[in-house]
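S.K.: give me a model of this one.
(one chain, ligands or ions: 2)
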Amino acid sequence: MIFGSFDPLKGDMFQVLDPDGKLVAEDPGLDPVLMKDLYRWMLYGRLADEKAVKLQRQGRMGTYAPGKGQEASQVGPALAMGDYDWLFPSFRELTTYMIRGYPLEYNLLYFMGDVRSNQVPEGTKSLPIFVPVATQVPIAAGAAWALKKKGSGSVVVCYMGDGATSEGDFHEGLNFAGVFRVPALFISQNNQWAISVPRKKQTLSRTIAQKSLSYGIPGVLVDGNDVLAMYIAAREGIERARNGEGPFFIEAFTYRRMMHTTADDPGRYRTPEEEAEWDLKDPLRRFRAYLEGRGIWTPEWQKQLEADAEEMIKKAVEKAESLGPQEPEDLFRHMYEEMTPALVEQLEYLKFSLANREIEEEADEIKGGFP
Ligand SMILES: Cc1ncc(C[n+]2csc(CCOP(=O)(O)OP(=O)(O)O)c2C)c(N)n1
Ligand SMILES: [Mg+2]
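M.R.: Ligands and ions are numbered 1, 2, ... in the order given. Predicted coordinates:
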């Protein structure tokens, strides 16, 4: 039991595996089938993420927010969720969306700037990507409250970054979640950076996990690069919430291995030494070493997984790229059942601009380069 054993005010951190993949806590005794799934999804996520960065570099995607290094914080909780639990994501949880049934092609489409990516397939209990930082937190708290009132037995799992915990929405959302004792697990992936602002400059709180205590919500600091620790902590938080014991909070201590988005250059604000230090704590390498020691991981299995991932990713890219152009109306259609006058006006303006853009481009060509 994690609850009550790790004091976030003291910086106690729950960990099962050390960076070399050695057990530093009691063996959790998980089913090898589950452990294989934990590894498989981390690898799929890593490879899909790498492909998305390549697509952006090839000009086939607008911009992308890579999740490399954060796979354990995403896969552990996703596999601890039940079929009827709801995911409220942020914008860097590619691996979690894949596990929860939000198709990879939609994720790719999102970053290709296609509004159709926001269609959540029928029956999938996941919200689309939230880019405005922390706005998902009060909505998740409200949704969890509604699920509680309905007596549904479902739990909400809501992700956010470290920077998100400096936003008003975070505090309002957590306050209501605490007051109404909603069935929710909040996970802050502390990847040490909010764009170029380091964690230490964002808040004077010793840990992010301790912020939840102000709202009467138990918080635990977990090694976010340790998939076993993340799975067990999330499972406990979800079980507590499902049993009516109220919300739970996890700070997943991890690292953003890549740039904030493909439009960013971290070389301007952090050192290669820092990056190399976190490379040694990589979640995939650590879990693979553990599984190898247990005789579960083999080079043949790795090859098979890589081949399966390649096939899956290839299909998703083909689907995303074969959809054809989107209609400008799609940008305006789905916010309200009936468009507001302001939206109607904006749509008219967009259509007018698009119609005239071709004329303007032709005029520019005729001018032959004169400004
Ligand atoms: C309300 C709001 N303010 C500013 C931004 C611009 N912005 C996008 S991501 C980001 C930093 C978020 O940091 P963090 O919460 O740590 O998440 P991470 O990007 O590290 O996953 C900012 C400031 C935004 N999207 N929304
Ligand atoms: Mg961050």
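S.K.: which SSE is Asn356 in?
M.R.: Asn356 is located in helix 341-367, with elements delineated by DSSP states H and E.
S.K.: list the buried residues in that helix.
M.R.: Leu347 (16 or more other Cβ atoms under 10 Å). For glycine as for every other residue, the C-beta is placed from the backbone atoms N, C-alpha and C.
S.K.: cool, and stretch 243-260?
M.R.: Those would be 246-260, for stretch 243-260 by 16+ other Cβ under 10 Å.
S.K.: and the residue of the chain found nearest ligand 1, backbone torsions?
M.R.: Here the chain gets closest to ligand 1 at one residue, Gly161, 2.2 Å apart by Cβ to the nearest ligand atom. Gly161 adopts backbone torsions of phi -90, psi -170, taken as degrees, to the nearest 10.
S.K.: the residue nearest to Ile208 when sequence neighbours are not counted: what's it in contact with?
M.R.: Spatial nearest neighbour of Ile208, chain neighbours left out: Glu251 (4.2 Å); criterion: Cβ to Cβ, 6 or more residues apart in numbering. By Cβ atoms under 8 Å, 6 or more residues apart in numbering, the contact list for Glu251 reads Pro8, Asp162, Ser188, Asn190, Thr207, Ile208, Ala209, Gly219, Val220, Leu221, Val222, Gly224.
S.K.: part of a strand, is Glu251?
M.R.: Yes: Glu251 sits within a strand when classified using DSSP: H, G, I helix; E, B strand; the rest coil.
S.K.: does it have beta-bridge partners, and which?
M.R.: For Glu251, the beta-bridge partners under DSSP bridges are Ser188, Leu221.
S.K.: pLDDT value on it, please?
M.R.: At Glu251, the model reports a pLDDT of 98.
S.K.: buried stuff in whichever strand or helix holds Leu55?
M.R.: Leu55 belongs to helix 32-57 when assigned by DSSP H and E. Residues 35, 38-49, 51-53, 55-56 are the ones in helix 32-57 that count as buried (16+ other Cβ under 10 Å).
S.K.: give me the contact status of stretch 191-206 with ligand 2.
M.R.: Yes: counting by Cβ under 5 Å from the ion, contacts between stretch 191-206 and ligand 2 involve Asn191, Ala194.
S.K.: ok, the closest residue to Asp18 other than its chain neighbours - contacts?
M.R.: What sits nearest to Asp18 in space, not counting adjacent residues and going by Cβ to Cβ, 6+ apart, is Val24, at 5.0 Å. Counting by Cβ under 8 Å, 6+ apart, Val24 touches Gln15, Val16, Leu17, Asp18.
S.K.: could you check how far Val24 is from ligand 2?
M.R.: Distance, Val24 to ligand 2, using Cβ to the ion, to the nearest Å: 26 Å.
S.K.: before we move on, the earlier item: so the residue of the chain closest to ligand 1 touches Arg92, yeah?
M.R.: Yes: the criterion here is Cβ atoms under 8 Å, and Gly161 meets it with Arg92 at 7.2 Å.
S.K.: list the residues that contact both of those two?
M.R.: Both Gly161 and Arg92 are in contact with Gln189, Asn191, where contact means Cβ under 8 Å, 6+ apart.
S.K.: for whatever residue of the stretch 251-371 of the chain ends up closest to ligand 2, helix, strand, or coil?
M.R.: Sorted by distance to ligand 2 under Cβ to the ion, the residues of the stretch 251-371 of the chain start with Arg256, at 6.2 Å. Using three-state DSSP, the three-state assignment for Arg256 comes out as coil.
S.K.: residue ranges of the helices in the stretch 51-200 of the chain, please?
M.R.: Using DSSP state H, counting those that start in this stretch, the helices of the stretch 51-200 of the chain run over residues 71-80, 94-99, 104-111, 136-150, 168-179, 199-202.
S.K.: show me what the third one is packed up against.
M.R.: Read that as helix 104-111. Packing contacts for helix 104-111, counted by 3 or more Cβ pairs under 8 Å, 6 or more residues apart in numbering; DSSP states H and E, involve helix 32-57, helix 94-99, helix 299-321.
S.K.: mean confidence score for the first one?
M.R.: It stands for helix 32-57. pLDDT averaged over helix 32-57 gives 98.
S.K.: find the centremost residue of the protein, please.
M.R.: In the chain, the C-alpha nearest the mean C-alpha coordinate belongs to Glu93, at 2.0 Å (Cα atoms, centre = their mean).
S.K.: pretty sure that residue is touching Gln74, no?
M.R.: Yes: assessed by Cβ under 8 Å, Glu93 is found in contact with Gln74 at 5.3 Å.
S.K.: overlap of the contact sets of these two?
M.R.: Gly67, Tyr159.
S.K.: right, so the helices of the stretch 51-200 of the chain: which one is the most enclosed?
M.R.: helix 71-80 (a mean of 28; mean count of other Cβ atoms under 10 Å).
S.K.: got a list of contacts for it?
M.R.: 34, 37-38, 41-42, 45-46, 67, 87, 93-96, 99-100, 157, 159, 185, 187, 189, 224-235, 238, 250, 252, 254, 283-284, 287.
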